[in-house]
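Trainee: what follows is a predicted protein model with its sequence.
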Amino acid sequence: MTGGLTLAKSNKTLLNQFHNTHQLRHALDSVNAYIYMKDLDSCYTYANKLTLNLFGCDESALIGSGDSKFFPPDTVKRLREVDLRVFQGEDTNEEIMSVDENGGIVTYLETKTPVYDD
């Protein structure tokens with residue numbers, strides 16, 4: 001009987017975690033800011049809808065991709081430099097300039113902070 005109660009509690013916990021994750025995703029998708037996360041290899045692990053729209057892809061095309069899929073080499077190098085500082089625990093506020101596909105200059109005001117696993 002105890003095993004059944006534990007399973008019921010575990011299922012309820014999983015359901016709560018799913019609900020909380022869904023709510024968090026909805027909240028981040030509602031923010032008027034580009035929000036994303038990367039792993040230590042600077043590959044994307046999450047992006048909200050605004051970021052996905054900016055990159056012109058869906059989540060499945062983004063996850064595991066690096067900046068080279070979306071930016072020219074000079075910008076990729078600069079983004080990696082900033083990522084490495086963040087991975088070392090630094091909060092950053094940077095102005096990143098890039099060239100778009102039409103040759104125009106695009107400026108991104110980027111704020112990054114480390115997010116740690118529990």
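Mentor: Nice, thanks for sending it over.
Trainee: CA only for contacts and neighbour counts going forward, please
Mentor: OK.
Trainee: report how many residues lie close to Gln23.
Mentor: Other residues near Gln23 come to 12 when the count uses other Cα atoms under 10 Å.
Trainee: next: Gly104.
Mentor: 9.
Trainee: and Val106, its phi and psi?
Mentor: Per-residue torsions, Val106: phi -120, psi 130 (degrees, to the nearest 10).
Trainee: that should have said Val76, apologies.
Mentor: phi -60, psi -40.
Trainee: ok, it touching Ser68?
Mentor: Yes: the criterion here is Cα atoms under 8 Å, and Val76 meets it with Ser68 at 5.9 Å.
Trainee: neighbour count: the two, which is higher?
Mentor: Val76 (18 against 13).
Trainee: check the more buried one and give its pLDDT.
Mentor: Note for Val76: predicted pLDDT of 96.
Trainee: number of nearby residues for the nearest residue to Met37 once chain neighbours are set aside?
Mentor: In this structure, Met37 finds its nearest non-sequential neighbour in Tyr46, 5.1 Å apart by Cα to Cα, 6 or more residues apart in numbering. If you count neighbours by other Cα under 10 Å, Tyr46 ends up with 19.
Trainee: and what of the one 5 residues further on?
Mentor: Neighbours of Thr51 under the rule other Cα under 10 Å: 20.
Trainee: confirm it sits in a helix?
Mentor: Yes: counting by DSSP: H, G, I helix; E, B strand; the rest coil, Thr51 is located in a helix.
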